[in-house]
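Undergrad: mind looking at a prediction? Sequence and model below.
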Amino acid sequence: MNLTGYREKRLLDVCRRYAVETGAISVVHPQDHIFRFLIENPVFSSLDKAVKYYFEDGQQSARMLGHLLFTEMELARSPETTLLEFASGYGCVTRHLAGALSPVNIVACDIHGAACDFIERTLATNAILSSARPEDLAIESGSYDAVFALSFFSHMPELTWSRWLVCLFDKVKPGGYLIFTTQGLQSRKHFGNPVIPENGIWHIPSSEQKDLDAEDYGNTIVTTEFVRTAVDRHLHQPITMLKEAHWWGHQDLYVLRKSDPASVSPAPARHAGCDQIG
C-alpha cells in the first residue's frame with residue numbers, strides 16, 4: 001500500500017489489529033475515499049481511533065443490514081438469496097458483509113473500476129461497474145432479492161435523484177426490497193442547519209470524493225415528504241418502512257417492497273419514529 005505522507009508500517013499494523021477484532025480483511029485500497037476522509041479528519045484524536053472507526057462502523061452497518069434482511073424483512077438466509085450492495089466504494093462495508101450475511105449471494109457495484117477490481121481480487125466478492133447515468137447501469141431488471149444503497153442518495157442532485165430511485169428499484173425482484181438511506185432533517189446540523197427549499201431537496205456541490213464531478217455527486221438533504229412524493233410519483237406504491245435518523249444517528253432509512261404479482265395483498269407499511277405511512 002502506497003500511503004504517501006503517512007507512516008505506512010504504523011498504519012498497516014493498526015489496520016491489521018482492527019481487522020482481526022472485526023473479523024475482516026485488513027488490506028485497504030490507497031484510493032479508499034472513506035478511509036482517507038477518516039484518517040485525515042481532525043475529529044479523531046489519533047490515527048488508531050480513525051482506523052478503529054473505519055472497521056467497526058463498517059461492521060456495524062453490515063450487522064444492521066443483516067437484521068433488516070433476516071429479522072424485519074424475513075428474507076431467507078440462503079445461497080439463493082441475492083443482494084446488490086450499490087455504491088460500495090472500496091469496501092468499507094463490503095469486507096464485513098460475508099461474515100454478517102453468509103451464505104447470501106453478495107454482489108458489489110461501484111462507479112470506480114479500481115474499487116470493483118479491489119473488491120473482487122482482495123475482498124473475494126463479485127463486483128459490477130456502475131455508470132454515471134442511471135439509464136446506463138448494465139444490470140438486468142429483477143435481478144436481486146435486495147438492493148442496498150447506503151448513503152448514496154445523500155449525494156445525488158435533484159436531476160438524477162428520482163432517476164436513480166427508479167433504476168435501483170427496477171433491479172429488485174418481485175417480492176424483494178430496495179433499502180436505502182438519505183440525509184434527512186437530522187443531518188442539517190452537519191451542514192450549518194441550512195434552510196431546505198420548498199421542494200424538499202437541498203444540494204451543495206461538495207463531497208469527500210474529489211475524483212467525481214461535485215455537481216453530479218455532492219451532498220444532499222431531503223425531507224421525508226420529498227421521498228414519499230418521489231416514490232408515489234415514480235414507483236406508484238407506498239413506502240414499506242421508514243426510520244428517521246436511524247443510520248449514524250441522522251440518516252433516514254427507507255425500505256421499499258416490490259409487489260409480487262402472485263401476492264394477494266402487499267406488505268403493510270411500517271414507520272418508526274413518526275406516524276405510520278398509509
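TA: That came in fine, so what should we check first?
Undergrad: part of a helix, is residue 220?
TA: No. Looking at residue 220 with DSSP: H, G, I helix; E, B strand; the rest coil, it is strand, so not inside a helix.
Undergrad: excluding its backbone neighbours, what's nearest it?
TA: residue 203 (4.7 Å; C-beta to C-beta, 6 or more residues apart in numbering). Every residue, glycine included, has its C-beta placed from N, CA and C.
Undergrad: so where does the one you found fall, helix or strand?
TA: Assigned by DSSP states H and E, residue 203 falls within strand 201-204.
Undergrad: just checking, what packs against that strand?
TA: helix 158-170, strand 219-222 (3 or more C-beta pairs under 8 Å, 6 or more residues apart in numbering; DSSP states H and E).
Undergrad: tell me which of those sits most buried.
TA: strand 219-222 (a mean of 22; mean count of other C-beta atoms under 10 Å).
Undergrad: what about the lengthiest strand in the chain, average pLDDT?
TA: Taking DSSP state E as the assignment, the strand of the chain that covers the most residues is strand 172-183. For strand 172-183, mean pLDDT is 98.
Undergrad: spatially, what comes nearest to the residue positioned nearest the centre of the chain if we skip its sequence neighbours?
TA: What sits nearest the mean C-alpha location of the chain, by C-alpha atoms, centre = their mean, is residue 150, with 1.3 Å. Of all residues not flanking residue 150 in the chain, residue 181 sits nearest, at 5.7 Å (C-beta to C-beta, 6+ apart).
Undergrad: tally of neighbours for the one you found?
TA: Residue 181 has 22 neighbours, counted by other C-beta atoms under 10 Å.
Undergrad: give the contact list for it.
TA: 149-151, 153-154, 246-247, 251-254 (C-beta atoms under 8 Å, 6 or more residues apart in numbering).
Undergrad: one more time with 10 Å, if that's ok
TA: 61, 148-154, 243, 246-248, 250-254 (C-beta atoms under 10 Å, 6 or more residues apart in numbering).
Undergrad: now, these that are in strands?
TA: Residues of these located in strands (DSSP E): 148-149, 243, 246-247, 251-254.
Undergrad: which stretches of the stretch 1-150 of the chain form strands?
TA: 82-86, 105-110, 126-129, 144-149 (DSSP state E, counting those that start in this stretch).
Undergrad: can you tell me what sits against the third one?
TA: Taking C-beta under 10 Å, 6+ apart as the criterion, the residues outside strand 126-129 that touch it are 84-86, 88, 91, 94, 105-113, 115-121, 137-139, 143.
Undergrad: kindly recompute the last result at 6 Å.
TA: 107-109, 113, 116, 119-120 (C-beta atoms under 6 Å, 6 or more residues apart in numbering).
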